[in-house]
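1. no sequence on this one, just coordinates:
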């Protein structure tokens, strides 16, 4: 089992038209989206390529074909409600991504669904800690360049973060 989440790493604003794709309307800030897999201790196991801030988490996972890779490795992932619909497997197969339940305007959650969401949120806490440790590096806030260079930086910082946390 691994934990799946995505986070916007806030960056400085770039000038020109290349700047627009890095603006996240959800967060109302410029940044780069990173998807990560962690273990149950919060250690970052895998970090995706940095994508422009306007990219949604589920779209980034589909471009990386994450569900196919998880099934090939024999792993299952626990994710938040932003990933509902990512795993489009049939009812006969085991799910690769487990998410909670979303309420609709005309269909509130049942008591069992609320309890399930609460349990999943408690299990997902280490992935939030993993991102918090990664975002502590001050150099990430000063990035103003191409996402390709930022990908190399984030992956290098993943190694350093795991080393610092495991001390």
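-> Perfect, thanks for sending it. All figures in this text were calculated on a predicted structure; none of them were measured in a lab.

2. where in this protein is pLDDT low?
-> Within the chain, the stretches with pLDDT under 70 are 12-25, 27-29, 90-92, 145.

3. show me where it has strands.
-> Using DSSP state E, the strands of the chain run over 2-10, 23-24, 29-38, 44-47, 51-52, 77-78, 97-98.

4. of those strands, which is nearest residue 64?
-> Proximity to residue 64 (C-beta to C-beta) singles out strand 29-38 among these, at 7.0 Å. Heads up, the C-betas are built off the backbone N, CA and C, glycines and all.

5. and stretch 131-150, how far out from the chain middle?
-> Averaged C-alpha coordinates place stretch 131-150 at 15 Å from its chain's average position (C-alpha atoms, centre = their mean, to the nearest Å).

6. now the end-to-end length of it.
-> For stretch 131-150, the first-to-last residue distance is 16 Å (C-alpha to C-alpha, to the nearest Å).

7. list the contacts of it.
-> Residues from elsewhere that reach stretch 131-150 (C-beta atoms under 8 Å, 6 or more residues apart in numbering): 5, 7, 9-14, 32, 36, 42, 44, 49-52, 153-154, 157-158, 160-161, 164-165.

8. mind listing what residue 129 touches?
-> Counting by C-beta under 8 Å, 6+ apart, residue 129 touches residue 42.

9. and it, how close does it get to residue 167?
-> Separation of residue 129 from residue 167 (C-beta to C-beta, to the nearest Å): 15 Å.

10. same question for residue 70.
-> Distance, residue 70 to residue 167, using C-beta to C-beta: 29 Å.

11. which residue sits farthest out from the middle of this protein?
-> Most distant residue from the mean C-alpha position of the chain: residue 106, 29.1 Å away (C-alpha atoms, centre = their mean).

12. report the separation between residue 71 and residue 64.
-> Here the criterion is C-beta to C-beta. By it, residue 71 lies 14 Å from residue 64.

13. residues of stretch 127-139 that come out buried?
-> Across stretch 127-139, burial judged by 16 or more other C-beta atoms under 10 Å covers 127, 128, 130, 131, 133, 134, 135, 137.

14. and what of stretch 153-165?
-> Residues 153, 154, 155, 157, 158, 161, 162 are the ones in stretch 153-165 that count as buried (16+ other C-beta under 10 Å).

15. nearest residue to residue 77 other than its sequence neighbours?
-> Closest residue to residue 77 apart from its sequence neighbours, by C-beta to C-beta, 6 or more residues apart in numbering: residue 4 at 4.1 Å.

16. report the beta-bridge partners for the one you found.
-> Beta-bridge pairing of residue 4 under DSSP bridges involves residue 37.
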